[in-house]
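Participant: just coords:
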């Protein structure tokens, strides 16, 4: 039964239906396509218009979104999103690529202006799609990209197969002349591996994607309207109103003259009026509540724009002096930054794959373009290891080089063994040097009192060595003459009560006296 599965399907354990016999088309063939849909004729059978709801409502092209970048909040959000990605580190990982392929990729990618290219790729977030043309050249015998250049979005459209096409002037002229050729629809097919086009929220129905500027259009529109009425309100109710008074018998010419005089007075601060006239200045009443309405419009619009770009409304709602408001106004949500990094990596990886296909015939083993956050220096681990190493030294242990290489990601050549100084060999019994609590100060020789203390200190050390040798001699004999640990332990316990510590006590007292004297003299000095 299994050998028939490629040409048919088992509908029951005993019934087999062949695709050819039943008229069933191949399962790999796509059925629901645009050319068969009812919408195909509605779009004119030419190309797909951008279904952006704002563009459809306004009847304009994507260029209207560029005007939104004049708004400080929109431009600031876009700059913050771009800067968050540019602050990350990029690298080329070898993966399964060959050494020559890997080094060649590192070389040509390193010659590109990566920061500028990141800015171009992230324009897809703003506009929905970003057609980037790849300029190919020959370097070191390989065909590689020498530059990536973003082209205006309004120059490009998608056809009924969701393929990016160039809307050229020559093709448009052919349409106007009703010329029946391949460019009759006003669009030109693009050659393969020539354009890479990152997109934001693109799908089958909307290959253009949906840009963040589309979501900012109405907040910016209402914000600008709020600013306009807010300025008018301030001009109307923020200034004083001049009021001129003339006798009832005044002629229209006299009234016009007084009005002109008051208008000039507002500008110049001085005026001359008739002696039978007067001028007063009136102020509007409580207008704070009405003014706050316009402020609320602008604030709400700023919050909406910040939410679109940064993922939160901190930029529109931050309060000066409030803890956390300073960073909340500019921080990009981490998941949005990572999403932008993925878009950049996918776009650059596509370019690398095409380069490998052109030069090596396959992209299966292409090197990988990686974008990741810069590693922050964290001293917590180092401080913990320093304390651990000190504690282990007391027990005669130490951390291995392998541990440091694994923990701090060091290469073997980054770690060298410390060279220990070689002490010269001296014949004869070695007498330990007296403990030096401090280096003697440079300068005049010791005073007679100090010199006496130094002699006493040296003598105490000699006595200490002689006394300890005498005390330890019986212990050495017991250990050497015992046949087991238990026997040695029992004999040591018996010998402990017979040990004479009188001389040891005397030497210790002298040592304490010496240390005390040296300390007191040092304090007086």
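Facilitator: Noted; the coordinates are in hand. Only a predicted model underlies this, so the values are computations on that prediction, with no experimental measurement involved. Residues are numbered from 1 along each chain as shown.

Participant: which residues of the stretch 151-300 of the chain fall in strands?
Facilitator: 156-158, 164-166, 188-189, 195-196, 241-245, 278-282 (DSSP state E, counting those that start in this stretch).

Participant: The second one - contacts with which helices or strands?
Facilitator: It refers to strand 164-166. For strand 164-166, the packing partners by 3 or more Cβ pairs under 8 Å, 6 or more residues apart in numbering; DSSP states H and E come out as strand 156-158, strand 188-189. Every residue, glycine included, has its C-beta placed from N, CA and C.

Participant: try the fourth one
Facilitator: The contact analysis (3+ Cβ pairs under 8 Å, 6+ apart) places strand 195-196 against strand 132-139, helix 334-360.

Participant: Turn these into JSON lines, columns for mean pLDDT, mean neighbour count and distance to residue 125.
Facilitator: Output for those, formatted as JSON lines (pLDDT from 0 to 100; neighbours: other Cβ atoms under 10 Å; distance: least, Cβ to Cβ, whole Å):
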{"stretch": "strand 132-139", "mean pLDDT": "94", "mean neighbour count": "14", "distance to residue 125": "14"}
{"stretch": "helix 334-360", "mean pLDDT": "95", "mean neighbour count": "18", "distance to residue 125": "7"}
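
Participant: closest one to residue 149 among these?
Facilitator: strand 132-139 (5.1 Å; Cβ to Cβ).

Participant: Mind listing the strands the closest one pairs with, and their directions?
Facilitator: Here strand 132-139 has these sheet partners by DSSP bridges: strand 142-150 (antiparallel), strand 195-196 (antiparallel).

Participant: mind putting those strands in a markdown table, distance to residue 165 included?
Facilitator: Converted to a markdown table, the strands paired with strand 132-139 look like this (distance: least, Cβ to Cβ, whole Å):
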| stretch | distance to residue 165 |
| --- | --- |
| strand 142-150 | 17 |
| strand 195-196 | 10 |
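
Participant: most packed of these?
Facilitator: Mean neighbour count (mean count of other Cβ atoms under 10 Å) peaks for strand 195-196 among these, with a mean of 19.

Participant: returning to what we had before: for the helices and strands packed on strand 195-196, give me a markdown table that also has distance to residue 251.
Facilitator: Formatted as a markdown table, those follow (distance: least, Cβ to Cβ, whole Å):
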| stretch | distance to residue 251 |
| --- | --- |
| strand 132-139 | 74 |
| helix 334-360 | 71 |
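
Participant: re the thing from before, which one of the strands paired with strand 132-139 lies closest to residue 92?
Facilitator: strand 142-150 (13.0 Å).

Participant: Can you tell me which of the helices and strands packed on strand 164-166 is most buried?
Facilitator: Greatest burial across these, using mean count of other Cβ under 10 Å, falls to strand 156-158, with a mean of 21.

Participant: Which elements pack onto it?
Facilitator: Strand 156-158 packs on strand 164-166, going by 3+ Cβ pairs under 8 Å, 6+ apart.

Participant: strands paired with the strand it packs on, and their directions?
Facilitator: Using DSSP bridges, the strands paired with strand 164-166 are strand 156-158 (antiparallel), strand 188-189 (antiparallel).

Participant: Can you redo those strands as TSV, where the extra columns are distance to residue 502 and mean pLDDT?
Facilitator: Shown next, in TSV, are the strands paired with strand 164-166 (distance: least, Cβ to Cβ, whole Å; pLDDT from 0 to 100):
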stretch	distance to residue 502	mean pLDDT
strand 156-158	104	91
strand 188-189	109	86
